[in-house]
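In: For reference, the sequence and a predicted model appear below.
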Amino acid sequence: MHVFISDAHIRKDDSPRGEKLIRFLTEMRPKLTSLYILGDLFEFWFEYNVVIPKDYFRTLATLYNLIQDGIPVHYVLGNHEVMIGDFLKYFGFIVHNDTAVLTIHNKKVFLAHGHNIDKRLWTSIWQQFLTSKLNHELYRMLHPDIGVFIAQAIAYLSRKQKRNTNIASGLEHYGLKKLNEAGSGLDVVILAHSHIPEIKKYVNGKYYINTGDWIDHFSYAVMTGDDISLRYYK
């Protein structure tokens with residue numbers, strides 16, 4: 001079973017949704033062939049040279065146990081993965097900085113978080129501010145306790161910006177365009193970012209999926225053989 005999740009925005013492992021995600025991953029462990037995280041697993045990810053956020057430790061340990069069991073865990077970066085160093089790769093994640101095209105069950109699958117398609121003003125400001133190398137260096141000068149507090153506050157404000165159906169429809173339009181792109185050979189496009197779970201099967205047998213989120217919907221996509229579905233964890 002290949003499982004795709006995104007947008008948990010975990011602030012602490014012991015939060016209700018943090019606990020729920022850990023329980024889900026533990027229950028899925030015997031069935032998993034591979035796991036794909038399509039960005040924004042944590043509210044904010046910024047790598048210091050020698051500091052690991054303790055509030056994420058149990059989630060990371062759960063994922064590490066999957067990797068130790070030989071289950072590949074792919075991590076497609078989203079807009080809340082602000083500063084990535086070597087830690088996730090060292091941990092055993094297969095990291096994709098922007099997009100990934102993989103063959104799964106003989107289907108060509110395109111994966112991306114989808115934030116680069118979102119052209120709202122706040123999203124653009126967020127991207128400009130948090131991808132600046134100067135800001136990264138200034139941020140590193142802060143004590144981690146202060147830095148993480150400020151970053152999570154800003155990330156929370158970003159997540160609370162009003163969402164509308166235009167984002168979801170824009171992502172679907174982009175997905176359909178990728179599927180119909182000449183020479184792409186894509187069978188499935190899976191995106192995230194909108195927090196709105198969606199699955200569309202087109203007449204040519206191709207699929208567009210949005211994995212939704214682990215805040216309100218607790219949704220995830222599954223591929224098992226020829227079966228492709230969107231499910232909800234209750």
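Out: Yes, it's here. Numbering: from 1, shown residues only.
In: could you pull out the helices for the protein?
Out: Taking DSSP state H as the criterion, the chain carries its helices at 16-28, 57-68, 87-91, 121-130, 133-140, 144-159, 165-180.
In: Going by mean pLDDT, which of these comes out lowest?
Out: Mean pLDDT is lowest for helix 121-130 among these, at a mean of 60.
In: Next one: the residue nearest to the spatial centre of the chain from L179, what distance?
Out: Centroid-nearest residue in the chain: G39, 1.9 Å away (criterion: C-alpha atoms, centre = their mean). Applying C-beta to C-beta, to the nearest Å, the value for G39 to L179 is 20 Å. From N, CA and C alone the C-beta is placed, and that goes for glycine too.
In: S34 reaches H74, doesn't it?
Out: Yes - taking contacts as C-beta atoms under 8 Å, S34 lies within contact range of H74: 6.9 Å.
In: who touches the nearest residue to the residue nearest to the centre of the chain once chain neighbours are set aside in this structure?
Out: Of all residues not flanking G39 in the chain, G78 sits nearest, at 2.2 Å (C-beta to C-beta, 6 or more residues apart in numbering). Applying C-beta atoms under 8 Å, 6 or more residues apart in numbering to G78 gives the contacts 6-7, 38-40, 113, 115, 192-193.
In: Quickly note the distance from Y220 to A8.
Out: Y220 sits 10 Å away from A8, going by C-beta to C-beta.
In: give me every residue that touches the spatially closest residue to T99 that is not a sequence neighbour.
Out: Spatially, and ignoring its direct neighbours in sequence, T99 is nearest to A112 (4.3 Å; C-beta to C-beta, 6+ apart). Going by C-beta under 8 Å, 6+ apart, A112 touches 38, 76, 98-100, 191-192.
In: Can you select the buried ones from those residues in ChimeraX?
Out: In ChimeraX, a selection of the buried entries from the contacts of A112 looks like this (16 or more other C-beta atoms under 10 Å):
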select :38,76,100,191,192
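In: Nearest to V203 among the contacts of A112?
Out: Ranked by distance to V203 (C-beta to C-beta), the contacts of A112 are led by L191 at 20.5 Å.
In: which ones are touching the spatially closest residue to that closest one that is not a sequence neighbour?
Out: Excluding its sequence neighbours, the residue lying closest to L191 (C-beta to C-beta, 6+ apart) is G114, at 4.0 Å. Residues near G114 by C-beta under 8 Å, 6+ apart: 39, 171, 174, 191-194, 210.
In: Out of those, which is nearest to R231?
Out: Looking across the contacts of G114 and measuring by C-beta to C-beta, the closest to R231 is N210, at 13.3 Å.
In: Now do the same for that closest one: its pLDDT.
Out: What the model reports for N210 is a pLDDT of 98.
In: what about it, neighbour count?
Out: For N210, the neighbour count with other C-beta atoms under 10 Å is 29.
In: Would you mind confirming that it makes contact with K200?
Out: No - counting by C-beta under 8 Å, K200 is not a contact partner of N210; they are 9.1 Å apart.
In: overlap in contacts of those two?
Out: Both N210 and K200 are in contact with E172, where contact means C-beta under 8 Å, 6+ apart.
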